Structures are given as structure tokens and as C-alpha cells.
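S.K.: just the structure for this:
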Amino acid sequence: MDRPASDALPPLPAAFTALLDAVIPAEHRPMVEASYVEPKDVVVRHNPLHGTPLALAERALGALGAEPLPGVEGVWRVPAAARAALTHHPLVGQGALAIQGAASQAAVWALDPKPGEEILDLAAAPGGKTALIAARMGNRGRIAAVEPLRARFFRLKANLQRLGVTCAQLYLKDGTQVGRLVPQRFERVLLDAPCSSEAQFTRLDPASWAHWSPRKVRASAALQARLLRSAVQALKPGGVLVYSTCSLSPEENELVLDALLRQRDDLALEALPWPCPLPAVAGLGAWQGRPLHPDLRLARRVLPSRWTDAFFIARLRKAG
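M.R.: The predicted structure is shown next:
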């Protein structure tokens, strides 16, 4: 069945369109607009913890028309038309393949975990990033995976078991309290913070923004600030913290970090060590006429495209 023409689809909320006007450079706007009116390609990765050989995964995905992402081994882009076939593929059900967006994976690429380290995943459910951290560590070391909501906690547990993660210890706990309980404990911390979920928007389904509002953005930012302070407290001197959201709003991204950087002089942003080129732009240097911390230009806002979702990623180093 043909998709409806874009002018026949419901428009995005006016406040969100104004946000796009403010944060998306003009040269990228056609790509971003198109991403809201067409099904996206699916990104999937090989899970080395499962034991299925990479070559077998390559053959299975080749039959679905998959193309490898440049610069990163074992990650492919599958055409949108093959989404259902991929979702129901036995290798996905078994955990040999994991469907995971490129921007979501990029948060772990930025964290750059190493075998033997002790790592905190402060908002871990549903577990995709936790599992990728474990894969990068070869299940050697320890991951403390924290989730405060019971239903999401058990979903996290089930997903990690299916994906063969054995180095994670799970905690049903409020992440804002973790830094106080275990100060300066972890060599790396990932905070993929709860957010207003702007990455989910599509004009093909108006329900995707039914619960979004500027008020929700502000509420998300307040929680993110508390979680970020906890993450910094839990990080060892010399350690790396990655802060990410699936939001485009500066209130949830640059402004949260700007407040933190102006409160502490032991934190600095670093360039992101990404192996794969993503459609992204630098963090903002100012917002609504207000200058922001100059380090924020090192952050990246991943743009919505045919194969990527909206995302924001920043990597910070705590002074030794």
C-alpha cells in the first residue's frame, strides 16, 4: 500500500517545529523533515557474547539486503521494508543479533569501555547499551546496571540474560542516590538519561508525540540534572562520563551540562571517539541569546535521518 503524501499527514506540534527551526542547520533540514514522513531503515549489530560466528550473521543479513555501516565491525543497516523479517528472524530471537539504533550504540562508542573495568550504567533499562558495554568488555569486569522502575527492571534483566551478559549486577534503585552511596567508585559512567523522547516522533503516527510538551521537557531536565550530579559523584577521579539523551531540546542537553560545568571546575568535555560517521552537528555555543560553556561545542547532536534517530551525546573527563 502506498504511503500518504507528506502534506496529507498531521503536522508536528508547533512548539517542536519551532525547536527544529532553532537547532537544525538549514542545510540539514530537508533530511530531517523527510525522516518524519518515511519508515526508517533498521540498524542491527552482531552480539559476540552469543557465540554465533560473525560470518553466519553476515550471510543471514545479506539475504535481507543489509549493508555494513562503515568504520564499525558487525553493525548493519537493514532496509525499512525488511523490518518485519528482521524482527522475527531466529538470530534476533536467540540474541545473536541485537536491533539497536546507531545513535544509541554511539553512546557506548563514546564511553569506550575496556575489559576489567568497573562501569556504572545509571539508567540501564531496557538494556541495549548495557549489553553493548558488556560485549565491548568481553564480559570481563563489572557493570552496575541501575533501574528504579520495577517493570523496566525485570525487562532489563530478561534482555541481558537473552543477550548473554554475565558481568552485570542489577540494582532496583533510584539513580539519583547512587553517587552518594558509592562515591568515586567507577572508572566509567554512562548516563543515558530519561528524557522527553523526541526521537520517537513520526508524522506517520501522531500518538508518537501525544505525551510531549514543553512542560515535559522542563520536568525531564530537572530529573536529568539530579541524575547527572549523582553520576559525577560516582565517578573516580580521571574517569570518563558519557551523558546522552534521545532529545533535541537544549534544555535537556546543553543547558543541563552548562549548569554542571559552571558549578564544577574538575570536569571537561572531550572529543567523541566515534568509529562511524553519523549525521550530526556540534553542540550549541549559545541558546536564546545566552552564551553557553565553550566546551559544549565538543558534544554532538545526532540528527534524525533515514537511518538515525535524534540523539545528544557528550563525553566528560573528571580531573585526576
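S.K.: report the rounded mean pLDDT for stretch 241-248.
M.R.: Averaging pLDDT along stretch 241-248 yields 98.
S.K.: wait, stretch 77-96
M.R.: Within the predicted structure, the mean pLDDT of stretch 77-96 is 97.
S.K.: residues of it that come out buried?
M.R.: Along stretch 77-96, these residues count as buried under the neighbour rule (16 or more other C-beta atoms under 10 Å): R77, V78, P79, A82, R83, L86, H89, L91, V92, G95, A96. The C-beta positions use only the backbone N, C-alpha and C, and glycine is treated the same way.
S.K.: ok, now stretch 61-77?
M.R.: Counting neighbours by 16+ other C-beta under 10 Å, stretch 61-77 gives L61, L64, A66, L69, V72, G74, V75, W76, R77 as buried.
S.K.: show me what the helix or strand harbouring D258 is packed against.
M.R.: When secondary structure is defined by DSSP states H and E, D258 falls within helix 254-263. Contacts of helix 254-263 with other secondary structure elements, assessed using 3 or more C-beta pairs under 8 Å, 6 or more residues apart in numbering; DSSP states H and E, are made with helix 214-234, strand 267-270.
S.K.: so which of those is the most surrounded?
M.R.: For those, the stretch with the most neighbours on average is helix 214-234, a mean of 19; neighbours defined as mean count of other C-beta atoms under 10 Å.
S.K.: need the CA coordinates for that helix. CSV is fine.
M.R.: Taking C-alpha atoms only, helix 214-234 is exported to CSV below (Å, rounded to 0.1, in the frame of the first residue of the first chain):
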residue,chain,number,x,y,z
PRO,A,214,7.4,21.9,26.7
ARG,A,215,6.4,21.2,30.3
LYS,A,216,7.6,17.6,29.9
VAL,A,217,10.9,18.9,28.6
ARG,A,218,11.3,21.0,31.7
ALA,A,219,10.4,18.1,34.0
SER,A,220,12.8,15.8,32.2
ALA,A,221,15.6,18.4,32.5
ALA,A,222,15.1,18.7,36.3
LEU,A,223,15.5,14.9,36.7
GLN,A,224,18.4,14.8,34.3
ALA,A,225,20.3,17.4,36.4
ARG,A,226,19.8,15.3,39.6
LEU,A,227,21.0,12.1,37.8
LEU,A,228,24.0,13.9,36.3
ARG,A,229,25.1,15.1,39.7
SER,A,230,24.8,11.6,41.0
ALA,A,231,26.8,10.2,38.1
VAL,A,232,29.6,12.7,38.6
GLN,A,233,29.8,11.8,42.3
ALA,A,234,30.0,8.1,41.5
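S.K.: if you count contacts, what does it end up packed against?
M.R.: Using 3+ C-beta pairs under 8 Å, 6+ apart as the contact test, the elements touching helix 214-234 are helix 178-181, strand 186-192, strand 235-245, helix 254-263.
S.K.: can you pull out the residues in contact with that helix?
M.R.: Residues outside helix 214-234 that contact it (C-beta atoms under 8 Å, 6 or more residues apart in numbering): 15, 120, 122-123, 175-180, 182-186, 189, 191, 193-196, 241, 243, 245, 247, 249, 251-252, 255-257, 259-260, 264, 267, 318.
S.K.: in helices only, show me the buried residues of stretch 77-96.
M.R.: Filtering these for membership in helices, criterion DSSP state H, returns R83, L86, L91, V92.
S.K.: may I see the buried residues of stretch 262-277?
M.R.: By neighbour count, with 16+ other C-beta under 10 Å as the criterion, the buried positions of stretch 262-277 are L267, L269, L272, W274.
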